[in-house]
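# Show me how the following folds:
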Amino acid sequence: MQLFKDKKHLNSRETEWIEGAKRGDRRSQKAIYDLLSAKMFAVCLRYMGDRDAAEDILQDGFVTLFSKLDSYSGEGSFEGWARKIFVNTALMSLRKKDVLRNTEDVDAAWNITSDDPTAIQRIGYKDLLKMIAALPPGFRTVFNMYVIEGYSHKEIAESLEISETTSRSQLQRARVLLQTKIKEKY
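Got it, this is the predicted structure:
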């Protein structure tokens, strides 16, 4: 059973943690931190690309989570609600760094495809995550939002204050770079 899947699946201990954390109880906050920190760190690392920056975002994300905990209604997935906070915290940091400001819209990238689909099948999960982390910040951000988080190009454009065309271009460039890295390795 996945913890915090939805209200029906919250056990009494988890409900107590949420209620306790809403009251500012440190033990409840620690229990929620222990429950979510590893998964949310993985989210932060995917967006930020390095451990130090990811740790900063993780810390900022938990500060935000606990300050906004009253807005969690108990409906839907608590983990999903928390994940949005961490993604938004990472995106705010990337916006401040202006990672997409100097990007270009590239139509030519749409015509590039991989001629070796078996290379992608041979790659391990950890290797793929390392390759994603090594992408330039703008590429990595759009790739994570679109491929992993499931945002549409319209939502990405609004969130990052870029055009939908730029979002599509960044995604395509990320894919091309990943394909190239995979071919080189395999």
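# Which parts of this structure belong to which domain?
7-97, 108-185 (automatic domain parsing).
# So which residues of the protein form helices?
Listed in chain order, the helices of the chain (DSSP state H) span 12-22, 26-48, 51-67, 78-97, 117-122, 125-133, 137-143, 153-160, 164-185.
# Give me whichever of those is most buried.
helix 137-143 (a mean of 24; mean count of other CB atoms under 10 Å). (C-beta placed from N, C-alpha, C; glycine too.)
# Distance from that helix to the middle of the chain?
Using CA atoms, centre = their mean, to the nearest Å, the mean C-alpha position of helix 137-143 is found 10 Å from that of the whole chain.
# Ok, stretch 23-31 next?
25 Å.
# Tell me which residues touch the residue nearest to Glu149 when sequence neighbours are not counted, please.
For Glu149, ignoring the flanking residues on the chain, the nearest one in space by CB to CB, 6 or more residues apart in numbering is Val87 at 6.2 Å. By CB atoms under 8 Å, 6 or more residues apart in numbering, the contact set of Val87 is 43, 47, 145, 149.
# Make TSV out of those residues and add pLDDT.
Listed next are the contacts of Val87 as TSV, based on pLDDT from 0 to 100:
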residue	pLDDT
Val43	94
Tyr47	91
Met145	92
Glu149	88
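# any idea which of those is closest to Lys181?
Nearest to Lys181, judged by CB to CB, of the contacts of Val87 is Tyr47 at 18.7 Å.
# do you know how far the nearest residue to that closest one once chain neighbours are set aside is from Arg46?
Excluding the flanking residues, the one nearest Tyr47 by CB to CB, 6+ apart is Ala90, at 3.8 Å. In this structure, Ala90 and Arg46 are 8 Å apart, going by CB to CB, to the nearest Å.
# Fine by me, we can end here.
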